[in-house]
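Peer 1: got a structure for you, letters missing:
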């Protein structure tokens, strides 16, 4: 304490000087508009930067949650969209019951001859085998088998899967089947000779088989041939959905599928 | 000359500070040179006074000018700053180690004017214009004003001092 006082006493001139300067400068800065605006701008900028950083860090840790929310919202919107599409020719029970379930892909393969995906939703989320799986780009596949928490999906990159589809330009019914030529190419089959097709025409699902809703995009025609002896074109399409990098998918539950199937099996 | 003449100091105060008030921003040459000749009071403040008194004089003189020039704190801070190291500097120039002295133009002589009065005024003006301009590099834009004002202030200060102070009689 003694030392503190003696230190203060020894530096009393400096202390007094600083004290006077403090008074003068505080007077000056509190009365100068120019410096006030400087201070305001600088502090604003600083505070803004800090707040932004804070927000960014917070955002980063919420990304997971945000993703889930977005997925749910997307599912809801897709549901609305499907209801609207089907609304032309169906009755109210259908509109009430079609359901879109969001899911995450937890295992994916695209380099084998027969490829399957695994998703993180199962019977607890009302998934059954035979349901359609789509992503934001287009068709992914069909549910193969289901456990309580997980399901396997027969990928579109699988020879066993043939998808009823249509050429959007002419509404011609055709079939898409994978041709083992890599994860983004598939064959387009059974387009009759008399239809004229062009490279770049889009192909989507037909909606005739009650699995996929109508007009889910599949791909665009990338090449075609018309051999003399063949009644159909030999065409290839480039798939819209990139099955090699897929994360979020939507499972579509159409409760009228069984009814349609049972009716058609009697033919 | 070991005694401080309070009468002379009063004359100084009237001649420099009081006179400055009505002429503060009216005494301008070619819109470039301003005369802050109140600084003469601080320059010719007696050497060797109590440091507290010296600082307080600087502060109050600056504040007095500030009140009339509507720049509260600007002159006060600069004057306090230059009064802080004034005595150390002046003792080195005059080579007076101890004692209390009145300062005037006859004691300073040409050497004192060149090495004490001019730099003193220059630093004061530099700070005033710099702070008033409010940016780091902007001081270059007002550098002509600083130089012109320094010369103008110095001339007026020396002239006023010639009028006020008494020439020492030769022994």
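Peer 2: It's in. Remember, predicted model here, so these are calculated numbers, not experimental data. Residues are numbered from 1 along each chain as shown, chains lettered A, B, ... in the order given.
Peer 1: hmm, who's touching the host helix or strand of residue A:105?
Peer 2: Under the criterion of DSSP states H and E, residue A:105 resides in strand A:99-107. The contact list for strand A:99-107, computed with Cβ atoms under 8 Å, 6 or more residues apart in numbering or on different chains, reads A:71-72, A:74-76, A:78-79, A:82, A:117-121, A:125-127, A:133, A:150-151, A:246-253, A:255. Every residue, glycine included, has its C-beta placed from N, CA and C.
Peer 1: May I ask you to confirm that residue A:133 belongs to a helix?
Peer 2: No. Assigned with DSSP: H, G, I helix; E, B strand; the rest coil, residue A:133 falls outside any helix and is strand.
Peer 1: so what's it bridging to?
Peer 2: residue A:141, residue A:251 (DSSP bridges).
Peer 1: what about it, distance to chain B?
Peer 2: According to Cβ to the nearest Cβ, to the nearest Å, residue A:133 stands 64 Å off from chain B.
Peer 1: count of neighbours near that residue?
Peer 2: 27 (other Cβ atoms under 10 Å in any protein chain shown).
Peer 1: ditto for residue A:158
Peer 2: 23.
Peer 1: For it, name its beta-bridge partners.
Peer 2: Counting by DSSP bridges, residue A:158 is bridged to residue A:114.
Peer 1: Now do the contacts for it.
Peer 2: Residue A:158 touches A:114-116, A:141, A:178, counting by Cβ under 8 Å, 6+ apart.
Peer 1: residue closest to the middle of the chain?
Peer 2: No chain specified, so I'll use chain A. Centroid-nearest residue in chain A, with Cα atoms, centre = their mean: residue A:136, separated by 4.7 Å.
Peer 1: wait, chain B
Peer 2: So for chain B, Cα atoms, centre = their mean, it's residue B:39, sitting 2.5 Å from the centre.
Peer 1: show me the contacts for that one.
Peer 2: By Cβ under 8 Å, 6+ apart, the neighbours of residue B:39 are B:16, B:79, B:120-121, B:124, B:153, B:157.
Peer 1: if we go to 6 Å?
Peer 2: B:121, B:124 (Cβ atoms under 6 Å, 6 or more residues apart in numbering or on different chains).
Peer 1: From chain A, how far off is it?
Peer 2: The gap separating residue B:39 from chain A is 16 Å, by Cβ to the nearest Cβ.
Peer 1: pLDDT score for that residue?
Peer 2: Looking at residue B:39, its pLDDT is 83.
Peer 1: ok, now the one 5 residues further on?
Peer 2: In this prediction, residue B:44 carries a pLDDT score of 79.
Peer 1: what sits against it?
Peer 2: Per Cβ under 6 Å, 6+ apart, neighbours of residue B:44: B:12, B:103.
Peer 1: any idea how far it lies from chain A?
Peer 2: Taken as Cβ to the nearest Cβ, the span from residue B:44 to chain A is 21 Å.
Peer 1: Got phi/psi on that residue?
Peer 2: With angles defined as degrees, to the nearest 10, residue B:44 sits at phi -100, psi 20.
Peer 1: if we can go back for a sec, work out the sheet partners of the strand holding residue A:105 and label each with its direction, please.
Peer 2: By DSSP bridges, strand A:99-107 pairs with strand A:114-119 (antiparallel), strand A:248-253 (antiparallel).
Peer 1: Nearest to residue B:113, out of the ones you listed?
Peer 2: strand A:248-253 (83.8 Å; Cβ to Cβ).
Peer 1: chain center to that closest one, what's the gap?
Peer 2: The chain centre lies 10 Å from the centre of strand A:248-253; the measure is Cα atoms, centre = their mean, to the nearest Å.
Peer 1: residues making contact with it?
Peer 2: Residues contacting strand A:248-253 (Cβ under 6 Å, 6+ apart): A:71, A:75, A:78, A:99-103, A:105, A:127, A:131-135, A:140.
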